[in-house]
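Asker: A predicted structure for the sequence below; I have some questions about it.
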Amino acid sequence: MFRLPGFVGGEPEQPVSREVVAVMMPAGNGEPARWDVDFWIADTDAAAARAAELGGALVAGPYDTPIQRQAVLADPTGATFTVSALKAGG
């Protein structure tokens, strides 16, 4: 499991796996508060390519961050979520 110092999952010392993380995004700029969900997977590029085949959509990416390769996907109803693959050595 990937671990930032003092963190497991999304909260300090939260004893949960990091395969799925959800965070509450605060309201602001005229938008309501919302949940953002991130699924950790083995291959972001393959998941992004497969999304359209399954009726979903690629919203953004895949793109690299300092520790992961990520993409924003949408399910067939338009609900968005991210998928992320930890980079080697991350």
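Answerer: Everything's here; your move.
Asker: mind listing the helices for the chain?
Answerer: For the chain, the helices defined by DSSP state H cover 44-53.
Asker: where does it have low pLDDT?
Answerer: 1-26, 89-90 (pLDDT under 70).
Asker: ok, now which ones touch the closest residue to residue 71 other than its chain neighbours?
Answerer: Closest residue to residue 71 apart from its sequence neighbours, by C-beta to C-beta, 6 or more residues apart in numbering: residue 61 at 3.6 Å. The C-beta positions use only the backbone N, C-alpha and C, and glycine is treated the same way. Residue 61 sits next to 44, 48, 70-72 when contact means C-beta atoms under 8 Å, 6 or more residues apart in numbering.
Asker: I figured residue 42 hits residue 84, correct?
Answerer: No: counting by C-beta atoms under 8 Å, residue 42 sits too far from residue 84 to count as a contact (10.5 Å).
Asker: So for the two, which residue has more residues nearby?
Answerer: residue 84 (22 against 9; other C-beta atoms under 10 Å).
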